[in-house]
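predicted model, plus sequence, below.
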Amino acid sequence: MKEHQRLHITDTRPGDWKYVAEGGATMVFSYTGPPGIFNRMVLRLRKSTVPDLPQRSLDDVEELDDFIISFQERIVARVISEEHLPRLKTVLLDTNWLQSLSNLRNMDRPPARRHKDGLDLTKRKGILATDLVGNVDLAIEIKPKWAFLPCPAHLSSATITIKRTTCRFCMHNYFRSTKNVAPISAYCPLDLYSGEEDRITRAIHDLWDAWIKSDGSLNNLRIFVHGSLLKPSDVRLSVLSFYCTKDVIFQADSSRILADVLHVSESYASSSHLRDAFTSTVLRILLDSDILRVLSRLQRTLDPLDIEGLSKLWFRSKADLSLPSSVLAPALGFDTDDPSLTEWEDFIDIYTSVFKTWNHSLPNVANLKSYLMAYMLSATFKDCSIVLRPDKSGTTSASVTVIDMDPKSMIRLEKWEKLDKNITDFYTHAAEAKVCHDRFLAS
Ligand SMILES: O=P(O)(O)O[C@@H]1[C@@H](OP(=O)(O)O)[C@H](OP(=O)(O)O)[C@H](O)[C@H](OP(=O)(O)O)[C@H]1OP(=O)(O)O
Ligand SMILES: Nc1ncnc2c1ncn2[C@@H]1O[C@H](COP(=O)(O)OP(=O)(O)OP(=O)(O)O)[C@@H](O)[C@H]1O
């Protein structure tokens, strides 16, 4: 991009940007300044746990965010249609500007996040993306997570029964709830991905109930009204009021707006009416859209070995190197460089052509790199979110957009392998197995 086409964040004031939300890696702000090229955009900025000083001054330095944009445009766009992707652009940053934004907006962040990390002031570039939550009355964000039970081919005798019964999300959720990391949620992604109206309805109810119970602190459901994150406590909904038999009339502005955008008459805006109206809105959008089917197919077909099979393939490839027995084989993914964009392009060619014809029950060591990359890409789709924007008039179809399509790094493989073992071991010994139904599971 030529210098005159570049977007500079210093062409806006930090006060023009309103805090929207954040995840583990980034913080997102929406533009509220005077009309211009930043209209209807959000700014997605990297976070860091360590207060750091900028060490580089070159504007041209290639940063992760450039790679993320290319990754979405050249890799993700090959398997997810453009209508479901936000537009992304690079914007040049400035340390003092970032510092001012941080000073201005830090108190808008959830306290738990605020105490853990902050904006990375060393970044020279950020991402501008289509603002999916501003400029509409209602936007609903769902992080659906893992869509399937793994194929049994490479599961060990210790894990095969549990992994074929309970899905990874439900096991992980139980694991975290017993460690007090997160409240328990009844939500099962396999219901949401099922394609069946009754099960999708149950999943949406469970997401709503968990949203209430956790006061909106779980990341599987977020509701935005007029561009601002809605908290159940904002709508005067408490766990108590939700479960008591007497209907509660909502009084706060946001609840009226939620009732309005869901076409619930204010005098009927009780907790159960709102949940029903919410569910029917979300259900209609999901049934009309192909997005869950697409994400489910991608996750499943990119992960035909499970992390257990991937690990076995890795260690087979290291055994082929005939290391002396005193030398421990390196951990899964160890010292493997992250793929370049060209390698990703080669991989996506393979995935969209011959990958499905390979015998995944007997994977070939020569294809190790492709299997590692397939698992990483599957992880991206297991961790993304979808933003639903109902069409108020009901005349056109709602918009459904996928966000957070960042590539994962090879360094994660070892963590994923350990986490998988911890979750599965813990669940096998601690819980009565919940039965999750995978519609594609061959019995
Ligand atoms: O492992 P999981 O399933 O807990 O996923 C992590 C997410 O946790 P979740 O279960 O959605 O609350 C986690 O989400 P939160 O930070 O909890 O909102 C991140 O998305 C993390 O990926 P990254 O570090 O941002 O690249 C995710 O890590 P990866 O698994 O993608 O490495
Ligand atoms: N284009 C967008 N428009 C509006 N809001 C957005 C947009 N992109 C992200 N957000 C909001 O910002 C939040 C954080 O963004 P994102 O999920 O990309 O961050 P992350 O750090 O990668 O998250 P995670 O830790 O879940 O991987 C989202 O959950 C969403 O609420």
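Received it, and whenever you're ready, just let me know what you need. Ligands and ions are numbered 1, 2, ... in the order given.

what residue spans form the domains of this structure?
3-131, 133-443 (automatic domain parsing).

briefly note if the shortest one comes near ligand 2.
Spelled out, it's domain 3-131. Yes: applying C-beta under 6 Å from any ligand atom, one finds domain 3-131 in contact with ligand 2 at 20-26, 28, 42, 44, 86, 129-131. C-beta coordinates here come from the backbone N, C-alpha and C atoms, glycine included.

what mean pLDDT does that domain get?
The predicted model assigns domain 3-131 a mean pLDDT of 91.

okay if I get the domains of the chain as CSV plus mean neighbour count?
Shown next, in CSV, are those (neighbours: other C-beta atoms under 10 Å):
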stretch, mean neighbour count
domain 3-131, 16
domain 133-443, 17
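
return the member of the ones you listed having the minimum mean pLDDT.
When I compare these, domain 133-443 is least confident, with a mean of 88.

and the stretch 201-350 of the chain, which residues reach ligand 1?
Residues of the stretch 201-350 of the chain lying near ligand 1 (C-beta under 6 Å from any ligand atom): residue 219.

measure stretch 108-126 end to end?
Stretch 108-126 has an end-to-end distance of 20 Å (C-alpha to C-alpha, to the nearest Å).

what parts of the stretch 101-250 of the chain come near ligand 2?
So the stretch 101-250 of the chain meets ligand 2 at 129-133, 141, 219, 222 (C-beta under 6 Å from any ligand atom).

which members of the residues you listed are the farthest-apart pair?
130 and 219 (20.5 Å; C-beta to C-beta).

hmm, residue 406 is touching residue 380, no?
Yes: using C-beta atoms under 8 Å, residue 406 makes contact with residue 380 at a distance of 6.6 Å.

one step back: just the ones of the residues of the stretch 101-250 of the chain next to ligand 2 in helices?
Judged by DSSP state H, these include no members of helices.

could those residues be laid out in TSV, adding distance to residue 348?
Listed next are those as TSV, based on distance: C-beta to C-beta, whole Å:
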residue	distance to residue 348
129	22
130	23
131	28
132	25
133	30
141	27
219	28
222	30
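
keep only those of the residues you listed that are in strands.
Secondary structure defined by DSSP state E assigns 129-130, 141, 222 of those to strands.

out of those residues, the closest to ligand 1 would be?
When these are ranked by distance to ligand 1 (C-beta to the nearest ligand atom), residue 222 comes first, at 10.5 Å.

contacting residues for the closest one?
21, 140-141, 216, 229 (C-beta atoms under 8 Å, 6 or more residues apart in numbering).

what's opposite it in the beta bridge?
Per DSSP bridges, the residues bridged to residue 222 are residue 141.

for the remainder of this discussion, apply numbering that starts at 32.
Right, with 32 as the first residue, what we last looked at is residue 253.

please report how far it lies from residue 52.
Using C-beta to C-beta, to the nearest Å, residue 253 is found at 7 Å from residue 52.

can you check which residues contact both of these two?
Shared contacts of residue 253 and residue 52 (C-beta under 8 Å, 6+ apart): residue 260.

got phi/psi on the residue in the chain that ligand 2 sits nearest to?
The chain approaches ligand 2 most closely through residue 54 (1.8 Å), counting by C-beta to the nearest ligand atom. Torsion angles at residue 54 (phi, psi; degrees, to the nearest 10) stand at phi -120, psi -160.

the one 10 residues further on too?
Torsion angles at residue 64 (phi, psi; degrees, to the nearest 10) stand at phi -80, psi -170.

now it: closest residue in space, sequence neighbours ignored.
Taking C-beta to C-beta, 6 or more residues apart in numbering as the measure, residue 64 lies nearest to residue 47, with 2.9 Å between them; neighbours along the chain are not counted.

does residue 120 sit in a helix, a strand or a coil?
strand (DSSP: H, G, I helix; E, B strand; the rest coil).

check residue 260 too.
Criterion first, three-state DSSP; result for residue 260: strand.

again, but for residue 422
At residue 422 the chain is in coil, as set by three-state DSSP.

tell me the contacts of it?
Neighbour list for residue 422: 428-430 [criterion: C-beta under 8 Å, 6+ apart].

same deal with residue 199?
176-177, 451, 454.

just checking, which of those belong to helices?
Going by DSSP H, the helices hold 451, 454 from those.

could I get the contacts of residue 199 as CSV with distance to residue 390?
Converted to CSV, the contacts of residue 199 look like this (distance: C-beta to C-beta, whole Å):
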residue, distance to residue 390
176, 29
177, 24
451, 23
454, 28
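
between which two of the contacts of residue 199 is the distance greatest?
So, these by C-beta to C-beta: farthest apart are 176 and 451, at 14.2 Å.

isn't residue 250 up against residue 54?
Yes: contact criterion C-beta under 8 Å: residue 250 and residue 54 qualify, at 7.1 Å.

now do residue 462 against residue 209, distance only.
Residue 462 is 8 Å from residue 209, by C-beta to C-beta.

which one of the contacts of residue 199 is nearest to ligand 1?
Nearest member of these to ligand 1, counting by C-beta to the nearest ligand atom, is residue 176, at 6.3 Å.

which residue packs closest to the closest residue to ligand 1 within the stretch 232-381 of the chain, ignoring adjacent ones?
Using C-beta to the nearest ligand atom, the closest approach of the stretch 232-381 of the chain to ligand 1 is made by residue 250 at 4.3 Å. Among residues not flanking residue 250 along the chain, residue 174 sits closest, at 5.3 Å (C-beta to C-beta, 6+ apart).

tell me how far that neighbour lies from residue 220.
Taking C-beta to C-beta, one finds residue 174 at 9 Å from residue 220.

now do the contacts for the closest residue to residue 335 other than its chain neighbours.
Nearest residue to residue 335 in three dimensions, chain neighbours excluded: residue 391, at 3.9 Å (C-beta to C-beta, 6+ apart). Contact analysis of residue 391 by C-beta under 8 Å, 6+ apart lists 182, 184, 335-336, 340.

equivalent analysis for residue 161, please.
Residue 161 neighbours (C-beta under 8 Å, 6+ apart): 71-73, 117-118, 432.

could I get those as TSV with secondary structure?
Conversion of those to TSV gives the following (three-state DSSP):
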residue	secondary structure
71	coil
72	strand
73	strand
117	coil
118	coil
432	strand
